[in-house]
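**Q** using only what follows, build the 3D model:
(2 chains)
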Amino acid sequence: MSLGSSNSLPVSAELVERLGWLIRLRWLAVAGVVCFLEVARRVFPVRLGLRQLYFTIAALAVCNILYWWRLRRLLRTRARAVPPWTRLLARFLLPPPPGGLGDIGDAGQAAVFANLQVAVDLLLLAALLHFSGGIENPFLYFFIFHVIIAGILFSRQATYVHASWGVALVSVVAAGEGLGILRHFALGGAWAAGAYRDPALVTAQLLVFATTLYLSAYMGSSIADRLRRREGEVVVLSMDVAHKAETLAAALDRVSQAERAKSQYMRKVAHELRGPLGTIRTTMSVLASGAAGELPAAAVELAQRAALRAGGLAQVTADLLALSRAREGRLAIELAPVDLAPLVRDLVAEARVAGDRAGVSVALRATGEVGQIAGDTAALRELVGNLVSNAVRYTPGGGTVEVRLARQGESIVLEVEDSGIGIPEVDLARVFEEFYRCDNARSHSGEGTGLGLAIVRAAAEQHGGRVSVRSVVGRGTCFTVTLPALATAPRDLPAPPPV
Amino acid sequence: MSNMAKILIVDDDRDLVAVMRLVLEREGYRVVDAAGPGEAMVKVEAERPDLVLLDVMMPDATEGFHFVWKLRQRAGAFFAEVPIIIVSAIHDKTELRFYPDSGDGSYGAGEYLPVQDFLDKPVDPADLLRAVSRALGLVRKT
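**A** Residues are numbered from 1 along each chain as shown, chains lettered A, B, ... in the order given. Here you go, the predicted model:
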């Protein structure tokens, strides 16, 4: 199950992915700085050390190319054994991975590489600043971006180190320029000429700068920490879910097996009961007929009652067998293409015989080419037969039963509607249960095992379909069966065996 | 009534055999019975019945069918023509389907059973008598 595998990248993989991102970001920065410089010198009234600036940017670009090349080598040789000092370094430089420190692995090299990149970035940024006004340049605060990136990628300690490195670099530039050790590239224009020499101003700037950088380091690390912790929780949660899903699947398996065992047992019992019940019924009806000798009327009546009860039981066992057959289903290879229309026509014709006797009209409306379904003819006969005979049985004389068969897209829809006694709302949900008979059905017609609809539902489900019912007491009932039609053209399939 | 037909009942349910015997003998038929296919084959040879009532499910699904085929394959017009009525449920757990031989060759081998009629269990005495006289009448017609 795919959920069982780890959902988090090991730290080294995460880092390597981020390295690629960092390198791409740097190209963006290079392009950005170049554009800005071009615009700035034309639009803003400032003087810039353009030669030095472009030299620095070129250095940045060269570094980036080197990084890119190094990264490719790193990706190719990831499986090498890791010397202990890189492991130690990794532990210091990298954030604690969500799943524990187990997978530091070759992260040592990647960690050093990444930290180096960021440190060099800071150096070059300091250089850029130096060549464009030093402490006067508002772009001073771009250091924050690097510190935040460090906070995301590295451990808290490493991030503070980078922040300190940034503060140190800027302090060196500011102090150097202020004390005259380093050349000052005055921006000119609106910027005050001597601001960089004012110790109070410079100190104030440095203090705010340092505070900002350390705060950024703290915030970046904290946010990244929280994210990583959440990630860890998600991993644990998803493993837990995967485990539960496995347990559920196993439980479902057991339940299905139990269902199958139950159905098989039911079939065996019904089969055993069948013969003897039939014999009892036959014996009783022969007795009642006087074939074994004239019986007093009372005895005849008793024998007839016994015959009826035995016959009822025999019917129950036959229904149980049909139900278990429908439930246990057939193997897919045993299903054959079945033409539904002629099957329905046959069963309607059979029902018409009983209908005529009871004064109930039975009509069939089959519209158009209905098509075939991959199925078991016997089960389908049970399905349709039960619905139609039920409809006739529970419709008082003078009523109507209409059977409709039509193709709707990928499905075949069979509707059996009657104008009979209907099913009370409280019973509607239970009407497909085994042995369930609602009260009005029982009083309308004593015979009936309560298994017919269970058979209908099992047969429908066996064919990948479903059955539903709607009804109004006293007005009638409509059963709707939807079955998936066979996709291929009927002509391509071998003829079904005769039924 | 000595010219009344002789009927062989093949069924392992002794009680049912007793009841059917009662019904048939009351109608004047002579009845012999066998409890299984082996005994049945012997009795067919010895008694040469005019009709065989065969329970197809004794003791499991296929023995009855095999018996029919074995009987029909024996040499002699008698075996090919003696009417057989299958007594068993049609809508049964057995997956085999069987039909009376329509005689016009419309069924392929394996699709039909060369019998003359079938009766549902539980057996209704009136149905039984009707089927028996129909089957015997068929023979007499030819």
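**Q** so what's residue 30 up against?
**A** Assuming you mean chain A. If you count contacts by CB atoms under 8 Å, 6 or more residues apart in numbering or on different chains, A:Val30 has them with A:Ile57, A:Leu60, A:Ala61, A:Asn64. Bear in mind the C-beta positions are built from the backbone N, C-alpha and C, glycine included.
**Q** please refer instead to chain B.
**A** Taking CB under 8 Å, 6+ apart as the criterion, B:Arg30 is in contact with B:Met4, B:Ala5, B:Lys6, B:Ile7.
**Q** how far away is it from A:Gly448?
**A** Noted for B:Arg30: a distance of 41 Å to A:Gly448, by CB to CB, to the nearest Å.
**Q** please apply the same query to A:Ala29.
**A** 84 Å.
**Q** A:Gly398 now?
**A** 21 Å.
**Q** ok, those two, which is more surrounded?
**A** Higher neighbour count among A:Gly398 and A:Gly448: A:Gly448, with 18 against 10, using other CB atoms under 10 Å in any protein chain shown.
**Q** how about that one, phi and psi?
**A** Phi and psi for A:Gly448, reported as degrees, to the nearest 10, are phi 130, psi 120.
**Q** quick one: classify the closest residue to chain A within chain B as helix, strand or coil.
**A** Going by CB to the nearest CB, chain A is nearest to B:Pro122 of chain B, at 3.5 Å. Reduced to three states with DSSP: H, G, I helix; E, B strand; the rest coil, the structure at B:Pro122 is coil.
**Q** let me see the ranges of the helices in chain B.
**A** B:14-26, B:37-47, B:63-73, B:77-81, B:125-141 (DSSP state H).
**Q** next, the angle from the first one to helix B:125-141.
**A** This means helix B:14-26. Orientation of helix B:14-26 against helix B:125-141 (axes from the mean of the first three to the mean of the last three CA atoms, to 10 degrees) gives an angle of 60 degrees.
**Q** mean confidence score for the one helix or strand A:Ala245 maps to?
**A** A:Ala245 belongs to helix A:199-288 when assigned by DSSP states H and E. Per-region confidence: helix A:199-288 scores 91 on mean pLDDT.
**Q** stretch A:175-182 too?
**A** Stretch A:175-182 carries an average pLDDT of 86.
**Q** ok, stretch B:66-78 next?
**A** Averaged over stretch B:66-78, pLDDT sits at 85.
**Q** tell me the domain boundaries of chain A?
**A** Following automatic domain parsing, chain A resolves into domains at A:2-246, A:331-492.
**Q** out of the ones you listed, which gets the lowest mean score?
**A** Looking at those, the lowest mean pLDDT belongs to domain A:2-246 (a mean of 81).
**Q** mind listing what's buried in whichever strand or helix holds A:Ile57?
**A** Counting by DSSP H and E, the element that carries A:Ile57 is helix A:50-76. Buried residues in helix A:50-76, counted by 16 or more other CB atoms under 10 Å in any protein chain shown: A:Gln52, A:Leu53, A:Thr56, A:Ile57, A:Leu60, A:Ala61, A:Cys63, A:Asn64, A:Tyr67, A:Arg70, A:Leu71, A:Leu74.
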